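Participant: Sharing a model prediction with you, sequence too.
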Amino acid sequence: MTASTTTMNAGGGAELIDGKAMAAGMTADIREQVEMLVRQGHELPGLAVVLVGNDPASEVYVKNKAIQTHRAGMKSFMQMMPESTSQEELLALIEELNENPKVDGILVQLPLPPQIDAATVTNAIHPDKDVDGLGEVNTGRLALGMENGIVPCTPLGCLKLLQSVHEDMTGLKAVVIGASNLVGRPMAQLLLKANCTVTVAHIHTRNIEELARSADILVVATGKAGLVKGSWIKPGATVIDVGITRVQTPEGKSRLVGDVVFEEASRVAGHITPVPGGVGPMTIACLLHNTFQAASRRRASTEG
C-alpha cells in the first residue's frame, strides 16, 4: 500500500505526504488480516498498554491507542496504575502480562514517575511482546540487521512514509537530525538497511545547516520547534518532520508545529510531511502493525 500524496496549495512547491491517509489504510489492512486470523481458528491479537500516573498528555495518547486497537479488530487491555506505583509493582505487572497468552504486545507509556527506571521496565518486557521495539534485544537485532526484531514504531512509520515517495532509496544521502534511542538512532539503522548513505547529526554537530542542505532525505526529530528553516533544505529533498510541539499564537490560542518551519521548507522540498497529520498517525498504525506481527509469530511458533 502506498501513501496518498496531494499537491500543496499555491505558494508551496512540495507535495504533501499524507500520513493520516496512509495510517488509515494500514489500519484497514490490519483489520482484514486479523479477520483472516480469526477465520483460521486463532484468538484475536491483544495489546496491553500500561499507564502509570495521570499525565494528561499520556492519558490522551493511551485512549487513542485503545481506540485504534479496536478499530484494527484487536483486543485492548488497559492497565492503569497510580502515580505512587513502585518499580517492583510495575515489574510484577509486566511479568503477569509476559505470561498472559491473550497478550501479544505490551507497551508501557512514557514518561514514568521518577521512582521508576524506564530502561529497567522496558527490558523487563519479553522481546517477542516488546511492540515498541525499545528493549535491548530488539535494539540489538535492528543494529545487526536481523529480520526477527521488532522495529520502534516512529522510525518504522517514517520509513513507510519515505517508501511511499521513493521506491528505491539506494545511494541517496540521508541526514537524521536527532540522535535519541527512540527515533534518531533506529531511524539511521533503517536508512542504512535501505542502502542510503547516512549521517546522524545532534546538538553538538558543527555546520549543521550545511549538512542538512546536502541531504536528499532529511529526517528531523529534535523536539525543538522551528529548528530547521527553509534555507536548510536541498531543493527537491524529501523532508520527514517528527517533531510536534504546542505553541501559543499571538491571538492567545495554541497550535501544533513541527521541528521544521513548514511554510518555508515546503517552498523548497520535493515532498514533506505536515504537522499534525504526518508522522503521528503512522506511529500508532505501526504499533498496530507490530502487534499483529507479534501475534502472528507467536501463533506460528505454537503451531510448529
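Facilitator: Structure received.
Participant: What does the pLDDT read for Met169?
Facilitator: According to the predicted model, the pLDDT of Met169 comes to 98.
Participant: Might one say that it is in contact with Leu190?
Facilitator: No - look at Met169 against Leu190 with Cβ atoms under 8 Å: they stay out of range, at 10.0 Å. Every residue, glycine included, has its C-beta placed from N, CA and C.
Participant: Just give the number of residues close to Thr274.
Facilitator: No Thr there; residue 274 is Pro. 19 (other Cβ atoms under 10 Å).
Participant: contacting residues for it?
Facilitator: Applying Cβ atoms under 8 Å, 6 or more residues apart in numbering to Pro274 gives the contacts 16-19, 241, 258, 262.
Participant: State the phi and psi torsions of it.
Facilitator: The phi/psi pair for Pro274 (degrees, to the nearest 10) reads phi -80, psi 160.
Participant: ok, the closest residue to Ala48 other than its chain neighbours to Gly46 distance?
Facilitator: Closest residue to Ala48 apart from its sequence neighbours, by Cβ to Cβ, 6 or more residues apart in numbering: Phe77 at 4.0 Å. Distance from Phe77 to Gly46, counting by Cβ to Cβ, to the nearest Å: 6 Å.
Participant: what touches both of the two?
Facilitator: By Cβ under 8 Å, 6+ apart, Phe77 and Gly46 have these common neighbours: 102-103.
Participant: Just want to know which of the two has more residues nearby.
Facilitator: Gly46 (21 against 17).
Participant: What residue spans form the domains of the chain?
Facilitator: Following automatic domain parsing, the chain resolves into domains at 44-126, 152-280.
Participant: can I get those domains in JSON lines with distance to Ala143?
Facilitator: Output for those, formatted as JSON lines (distance: least, Cβ to Cβ, whole Å):
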{"stretch": "domain 44-126", "distance to Ala143": "15"}
{"stretch": "domain 152-280", "distance to Ala143": "6"}
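Participant: Buried deepest among the ones you listed, which one?
Facilitator: domain 152-280 (a mean of 19; mean count of other Cβ atoms under 10 Å).
Participant: First-to-last residue distance for it?
Facilitator: Domain 152-280 has an end-to-end distance of 13 Å (criterion: Cα to Cα, to the nearest Å).
Participant: just checking, next helix/strand downstream of the helix or strand hosting Glu95?
Facilitator: If you go by DSSP states H and E, Glu95 is part of helix 87-99. Next helix or strand after helix 87-99 toward the C-terminus (DSSP H and E): strand 105-108.
Participant: Please report how far Asp29 lies from Ala72.
Facilitator: Look at Asp29 and Ala72: by Cβ to Cβ, they are 9 Å apart.
Participant: One more: Leu182?
Facilitator: 23 Å.
Participant: likewise Thr205?
Facilitator: 39 Å.
Participant: out of everything not next to it in sequence, what's closest to Gly19?
Facilitator: Spatial nearest neighbour of Gly19, excluding adjacent residues (Cβ to Cβ, 6+ apart): Gly278 at 4.2 Å.
Participant: got it, and Asn290?
Facilitator: Spatial nearest neighbour of Asn290, excluding adjacent residues (Cβ to Cβ, 6+ apart): Val131 at 4.1 Å.
Participant: Neighbours of that neighbour, how many?
Facilitator: 29.
Participant: Tell me which residues touch the residue nearest the centre of the chain, please.
Facilitator: The chain has Thr154 as the residue nearest its centroid, 1.4 Å off, counting by Cα atoms, centre = their mean. Counting by Cβ under 8 Å, 6+ apart, Thr154 makes contact with 182-183, 221, 242, 279, 282-283, 286.
Participant: nearest to Val60, of those residues?
Facilitator: The closest of those to Val60 turns out to be Thr283 (Cβ to Cβ; 13.8 Å).
Participant: coming back round to it: now, the contacts of Thr154 that are in strands?
Facilitator: Among those, DSSP state E puts none in strands.
Participant: Could I get these in TSV, plus columns for distance to Lys63 and pLDDT?
Facilitator: Below are the contacts of Thr154 laid out as TSV (distance: Cβ to Cβ, whole Å; pLDDT from 0 to 100):
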residue	distance to Lys63	pLDDT
Leu182	21	95
Val183	23	97
Ala221	24	98
Val242	22	98
Val279	20	98
Met282	19	98
Thr283	15	97
Cys286	18	98
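Participant: now those in JSON lines, with distance to Cys196?
Facilitator: Rendered in JSON lines, the data for the contacts of Thr154 read as follows (distance: Cβ to Cβ, whole Å):
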{"residue": "Leu182", "distance to Cys196": "20"}
{"residue": "Val183", "distance to Cys196": "16"}
{"residue": "Ala221", "distance to Cys196": "16"}
{"residue": "Val242", "distance to Cys196": "17"}
{"residue": "Val279", "distance to Cys196": "18"}
{"residue": "Met282", "distance to Cys196": "19"}
{"residue": "Thr283", "distance to Cys196": "21"}
{"residue": "Cys286", "distance to Cys196": "19"}
